[in-house]
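A.B. asks: fold the following for me, if possible:
(one chain, ligands or ions: 1)
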Amino acid sequence: MNIPTLCAAGAVDLSKVAQWLREHRDGFLADLRAYVSLETPSNSKPHLDRGLDWLVAQLSATLGQPASLSRVDGGGYGDVLVADFDGAGSRRLMLLCHYDTVWDAGTLDAWPFTVSGPVASGPGIFDMKTGLVQALWAVRALDAAGLPRPPLRWVLNGDEELGSIVSRPVLESAADRVAAALVLEPGVDGAVKTARKGVGIFRIDVRGVEAHAGLDPLKGVSAIDEMARLVLRLRQLQDLDRGTSVNIGTVSGGSRGNVIAGHAWASLDVRVTNPAEAARIDAALAALTPSHERLRIEITGGWNRPPMPRTPGIAAMYDLARTLAEGLGEELRECAAGGGSDANFLAAMGLPVLDGIGAVGSGAHSRDEHIAVDPTLARTALVAALVHAFTLNSPGARP
Ligand SMILES: [Zn+2]
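C.D. replies: A predicted model of the protein is given here:
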């Protein structure tokens, strides 16, 4: 594993970086206002393009010209930006953010960006527009303090809220030759996310044989009867002790009350904490067999994001961050999250990842979405410390 050692990282005094950020609170908020005021709903390409254009301009204003930049066309989805900037040492650090939000265009009309005392709010501010602004200001703070930063790879994703369908292969190839990744998603009550569940989204179709329910009750084979049996079997796959939940969220089928049902279908949501449980669920679904030779069972869908267990790489990143936080006078807690993020993809590739290092606040995907400004600025100093740490003890070899 190629991440900095704790003692070397802990030896750097970054209090002046935190101080500089506190002094630049107004500038930070001005950028946040500008960016939150550019709506970037996942489902509107023109809005996403304008948001990404703004971010690209901020990147070059902050870091200069990139050593390389590619903007991968997302088609109807947001483009994916991968931009490399040179830096000190040989460890390249990925900063991963998504710039799409769940908020439709026009939401700002009734809910503009506002700062009210210690709190700022607006659509997408917590998940995760603030994380992008934090990453920019972390770099500015290091530059102002004269502290080096490592080679950085910025990856900006425009379809995360839709499941990263288009961006996933781009993210995975961008993980090549990077030492580690910071994912600037928001935290949970200030805690970083060192484990996430994997999410499986499946559909089950059962095909039976229709017949007149009164005249030919023995001619038909009911798809609904079979689905009822399957629902009970699927429920038995739940194992909360191992962190696996199983939910049949919708069931439908049949055509008339007097027709034996020829078709029934159901949706299945599965959450798992580790790959072994995902494999157990896969095997159980593959082993489902119809109870009658004239019935057919079809299962479609799959794992939207793999589980992110707390790997040694994730644990090492958390230890590094916690040590740096102590140096800044902060306690950094960790937690496991039930939902997935792009960190799941990177962790599944074996990359050391720290997720949830972005905004401090709450209310993701709700009208209560907000950030706590001063704790978020303090967390930005920690992001700067983490970025800087990747220049320490840098081995001569390429990462
Ligand atoms: Zn997010």
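A.B. asks: leaving aside the residues next to it on the chain, what's closest to Phe28?
C.D. replies: Residue nearest to Phe28 in three dimensions, not counting chain neighbours: Trp137, with 5.4 Å by C-beta to C-beta, 6 or more residues apart in numbering. Bear in mind the C-beta positions are built from the backbone N, C-alpha and C, glycine included.
A.B. asks: show me what the helix or strand hosting Thr130 is packed up against.
C.D. replies: Assigned by DSSP states H and E, Thr130 belongs to helix 130-145. Here helix 130-145 touches helix 15-23, helix 25-36, helix 45-63, strand 93-98, strand 152-157, helix 373-389, going by 3 or more C-beta pairs under 8 Å, 6 or more residues apart in numbering; DSSP states H and E.
A.B. asks: assumed Ala266 was part of a strand.
C.D. replies: Yes: using DSSP: H, G, I helix; E, B strand; the rest coil, the assignment for Ala266 is a strand.
A.B. asks: so what's it up against?
C.D. replies: Arg203, Ile204, Met227, Leu230, Val231, Ile248, Thr250, Val251, Ser252 (C-beta atoms under 8 Å, 6 or more residues apart in numbering).
A.B. asks: which pLDDT value goes with it?
C.D. replies: Looking at Ala266, its pLDDT is 98.
A.B. asks: go on, Gly163?
C.D. replies: pLDDT, Gly163: 86.
A.B. asks: do Val12 as well
C.D. replies: pLDDT, Val12: 69.
A.B. asks: what sits against the one residue sitting closest to the centre of the chain?
C.D. replies: The residue lying closest to the centre of the chain (C-alpha atoms, centre = their mean) is Ser341, at 2.1 Å. By C-beta under 8 Å, 6+ apart, the contact list for Ser341 reads Glu160, Val183, Glu185, Lys193, Arg196, Arg305, Asp355.
A.B. asks: over to Ala211?
C.D. replies: Contacts of Ala211 (C-beta under 8 Å, 6+ apart): Pro217, Lys219, Gly220, Val259, Ile260.
A.B. asks: quick one: the fourth one and Met227, what's the gap?
C.D. replies: Using C-beta to C-beta, to the nearest Å, we find Val259 at a distance of 15 Å from Met227.
A.B. asks: one more: the first one?
C.D. replies: For Pro217, the distance to Met227 (C-beta to C-beta) stands at 18 Å.
A.B. asks: same check on the last one?
C.D. replies: Here the distance between Ile260 and Met227 works out to 13 Å (C-beta to C-beta).
A.B. asks: more neighbours, the two?
C.D. replies: Met227 (27 against 23; other C-beta atoms under 10 Å).
A.B. asks: which phi and psi does that one have?
C.D. replies: phi -60, psi -40 (degrees, to the nearest 10).
A.B. asks: so which residues on the chain come close to the ion?
C.D. replies: Asp127, Met128, Glu185 (C-beta under 5 Å from the ion).
A.B. asks: what about the second one, how many neighbours?
C.D. replies: Met128 has 26 neighbouring residues, counting by other C-beta under 10 Å.
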